[in-house]
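**Q** With the sequence up front, the predicted model follows.
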Amino acid sequence: MASKLSDIEIQRALGARSGWTRRGNAITRTFEFPTFKAAIAFVNRIADIAEKMDHHPDVDVRYTKVTCILSTHSAGGITSKDFKLGEEIDNSLSRES
């Protein structure tokens, strides 16, 4: 099981990840797309990534906006797994089809 990161470790990791912020025991980022269909395609890419990593985000879709909330529930907070998933989500933007 992954260990929770300290507040300092979380702040350092957030400094390296543009667009991500802390909200309680999670990190979050909202992405905006030109169409609803493009937003859903992004969610499908996230689903594929999450399945491969066996680490699943909370995802909120509001028309063309997709918010990802990452927390390691089994650890009770933010772990390195959340930042790795966030990095993979960010990287998926460059693989848009």
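**A** All right, it came through fine. Residues are numbered from 1 along each chain as shown.

**Q** make it CA atoms for all contacts and neighbour counts henceforth
**A** Noted.

**Q** all strands for the protein, in order.
**A** Assigned by DSSP state E, the strands in the chain fall at 21-23, 26-32, 58-62, 65-70.

**Q** packing partners for the last one?
**A** Think strand 65-70. Judged by 3 or more C-alpha pairs under 8 Å, 6 or more residues apart in numbering; DSSP states H and E, strand 65-70 is in contact with strand 26-32, helix 36-53, strand 58-62, helix 80-92.

**Q** Now render the ones you listed as a markdown table, adding mean pLDDT and mean neighbour count.
**A** Formatted as a markdown table, the helices and strands packed on strand 65-70 follow (pLDDT from 0 to 100; neighbours: other C-alpha atoms under 10 Å):
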| stretch | mean pLDDT | mean neighbour count |
| --- | --- | --- |
| strand 26-32 | 98 | 18 |
| helix 36-53 | 97 | 16 |
| strand 58-62 | 98 | 13 |
| helix 80-92 | 96 | 18 |
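
**Q** was I right about P57 contacting C68?
**A** Yes: using C-alpha atoms under 8 Å, P57 makes contact with C68 at a distance of 6.4 Å.

**Q** Tell me which of those two has more neighbours.
**A** Taking neighbours as other C-alpha atoms under 10 Å, P57 and C68 compare with C68 leading, 23 against 19.

**Q** That one against R29, yeah?
**A** Yes: under the criterion of C-alpha under 8 Å, C68 makes contact with R29 at 5.5 Å.

**Q** Reformat the helices and strands packed on strand 65-70 as CSV; add distance to Q11.
**A** Listed next are those as CSV, based on distance: least, C-alpha to C-alpha, whole Å:
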stretch, distance to Q11
strand 26-32, 11
helix 36-53, 23
strand 58-62, 21
helix 80-92, 11
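
**Q** and T72, which of the ones you listed is closest to it?
**A** When these are compared for distance to T72 using C-alpha to C-alpha, the nearest one is helix 80-92, at 6.7 Å.

**Q** mind exporting that closest one as CSV, just the C-alpha atoms?
**A** Taking C-alpha atoms only, helix 80-92 is exported to CSV below (Å, rounded to 0.1, in the frame of the first residue of the first chain):
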residue,chain,number,x,y,z
SER,A,80,2.7,9.3,-5.0
LYS,A,81,0.2,7.2,-6.9
ASP,A,82,-2.1,10.2,-7.2
PHE,A,83,0.7,12.3,-8.7
LYS,A,84,1.7,9.6,-11.1
LEU,A,85,-1.9,9.2,-12.3
GLY,A,86,-2.1,13.0,-12.6
GLU,A,87,1.0,13.0,-14.7
GLU,A,88,-0.4,10.3,-17.0
ILE,A,89,-3.7,12.2,-17.3
ASP,A,90,-1.7,15.3,-18.3
ASN,A,91,0.3,13.3,-20.8
SER,A,92,-2.9,12.0,-22.4
